[in-house]
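Peer 1: Here's my sequence, what's the structure:
(one chain, ligands or ions: 1)
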Amino acid sequence: MKLLMFGKTGQVATALQACCPPGWHLIALDRAAADLADPEACAALIAGADADVVINAAAYTAVDRAEEQEALARRINGDAPGAMARAAARKGIGLVHLSTDYVFDGSGTRGWQPEDPVAPLNAYGRSKALGEVRVMAAGGPGTVVIRVSSVFSATGGNFVRTMLRLAETRDQVQVVADQVSGPTAAKDVARMILTLLPMLSSAAKPPFIAHYAGRPDVSWAGFAREIFRQAGHDVEVEEIPSVAWPTPARRPLNARLDCSLLAARFGIPRPDWRDGLAETLADLGIQPGRSGTAG
Ligand SMILES: NC(=O)c1ccc[n+]([C@@H]2O[C@H](COP(=O)([O-])OP(=O)(O)OC[C@H]3O[C@@H](n4cnc5c(N)ncnc54)[C@H](OP(=O)(O)O)[C@@H]3O)[C@@H](O)[C@H]2O)c1
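Peer 2: Coordinates of the predicted model:
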């Protein structure tokens, strides 16, 4: 299978390059090769490519900075995916586009269904919601929007690496306890996409939205505790509410994603993020000593 991927250096893009099966051909485009701030240039690359499917693993992901740069975020996360979807549809190939739990407003406590109404609380979420609309409107058969959640890996900026950095100098940290999501290892996202792709291309399915997130759902504080436990750090986690940790962008409290569609239609279950965490720590050269459960 021949894959054309936008994004090369990001967490999911790096994992896709690491997990791509032998015999598959993956071309990864970095920002210099394909700048999503120029949507028509991205479309032209698809038009000229020899590919069976396009993966968009690039995005404007600086959630707080997006409050100041919403127009740029909308271009990268909204206009560019739309142009990619149109170009892929014209060529008769599918598009895997990644989106986010931050399209939801965080109300309630149940897991969000793919068809639930979106109501983003911040500029990043609005830009990603725009991308979803554009991709769903223009995408041809084999197009899928997959919302993922709280991605972590051994590379890039993410919560796991932040907690490990804090553990070097602190024996106590304050962590938000009222935002709940399903943390997801980038390698699990990559393996999910690679498992899904042959099923998408064989069945020429119309565009759809699906959710994929690690289980069990957990607060940032619970996630932090498990990171310290697995990494062998004796750091106390003090639980605080979101209001005690103000950020430029508001975050949804309930970011749980109902992931049953991928399980029911494609046999792809939610991954256990504690296993993904152990794998990530091993990638960082930290020997995990996992036992018990996160809270
Ligand atoms: N990270 C999360 O917690 C999270 C949660 C939910 C959903 N998601 C979604 O999952 C997907 C993958 O996220 P990730 O965590 O792998 O992202 P990431 O690690 O933040 O990487 C973002 C990637 O996008 C590239 N990029 C940014 N602006 C670009 C531009 N104008 N042109 C070309 N490339 C550009 C970056 O390239 P440079 O290296 O050049 O900057 C980088 O490769 C995204 O769609 C994101 O919205 C992420």
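
Peer 1: Look up how far Asp275 lies from the nearest residue to Ala231 once chain neighbours are set aside.
Peer 2: The spatial neighbour of Ala231 that comes closest, neighbours along the chain excluded (CB to CB, 6 or more residues apart in numbering), is Ile286 at 5.3 Å. Just so you know, the C-beta spots here come from the backbone N, C-alpha and C atoms, and that holds for glycine as well. Plainly put, Ile286 is 15 Å away from Asp275 if you go by CB to CB, to the nearest Å.

Peer 1: and Leu277, what does it touch?
Peer 2: Contact analysis of Leu277 by CB atoms under 8 Å, 6 or more residues apart in numbering lists 152, 160, 183, 185, 226-227, 230, 288.

Peer 1: Quick check: Leu261 is in a helix.
Peer 2: Yes. Per DSSP: H, G, I helix; E, B strand; the rest coil, Leu261 lies within a helix segment.

Peer 1: how about the nearest residue to it, chain neighbours excluded?
Peer 2: Nearest to Leu261 is Ala210, by CB to CB, 6+ apart, at 4.9 Å.

Peer 1: Phi and psi next, for the closest residue to the ligand within the stretch 101-250 of the chain.
Peer 2: For the stretch 101-250 of the chain, the residue closest to the ligand is Val151, as judged by CB to the nearest ligand atom, at 3.6 Å. Dihedral pair for Val151: phi -80, psi 140, per degrees, to the nearest 10.

Peer 1: That one contacts Ala186, doesn't it?
Peer 2: Yes. Between Val151 and Ala186 there is a contact under CB atoms under 8 Å: 5.4 Å.

Peer 1: list the residues that contact both of these two?
Peer 2: Overlap of the contact sets of Val151 and Ala186 (by CB under 8 Å, 6+ apart) consists of 11-12.

Peer 1: Do you know the pLDDT at the residue of the chain found nearest the ligand?
Peer 2: Minimum separation of the chain from the ligand (CB to the nearest ligand atom) falls at Gly10, amounting to 2.4 Å. Looking at Gly10, its pLDDT reads 97.

Peer 1: got it, and the one 3 residues further on?
Peer 2: According to the predicted model, the pLDDT of Ala13 comes to 98.

Peer 1: same check, this time on Asn56
Peer 2: So Asn56 comes in at 98 (pLDDT).

Peer 1: what's across from it in the sheet?
Peer 2: Phe6, His97 (DSSP bridges).

Peer 1: Contact partners for it?
Peer 2: Per CB under 8 Å, 6+ apart, neighbours of Asn56: 5-7, 80-81, 84, 95-98.

Peer 1: what's the answer for Phe208, then?
Peer 2: 114, 144-145, 261.

Peer 1: Let's see that with 7 Å instead.
Peer 2: Contacts for Phe208 were tallied using CB atoms under 7 Å, 6 or more residues apart in numbering; they are Val144.

Peer 1: Make 39 the starting number, not 1.
Peer 2: Let's use 39 as the start, then, which means that last one is Phe246.

Peer 1: quick one: it from Ile184, how far?
Peer 2: 10 Å.

Peer 1: and what of Leu74?
Peer 2: Distance from Leu74 to Ile184, by CB to CB: 18 Å.

Peer 1: Between these two, which is the more surrounded one?
Peer 2: Leu74 (24 against 21; other CB atoms under 10 Å).

Peer 1: What is the burial count for the closest residue to that one other than its chain neighbours?
Peer 2: Nearest residue to Leu74 in three dimensions, chain neighbours excluded: Ala118, at 3.9 Å (CB to CB, 6+ apart). The number of residues packed near Ala118 is 28, by other CB under 10 Å.

Peer 1: now do Ala125
Peer 2: 23.

Peer 1: okay, it: pLDDT?
Peer 2: 97.

Peer 1: go on, Leu238?
Peer 2: 86.

Peer 1: Moving along the chain from the helix or strand containing it, name the first helix or strand you hit.
Peer 2: Per DSSP states H and E, Leu238 falls inside helix 224-241. Moving toward the C-terminus from helix 224-241, the next helix or strand (DSSP H and E) is strand 246-249.
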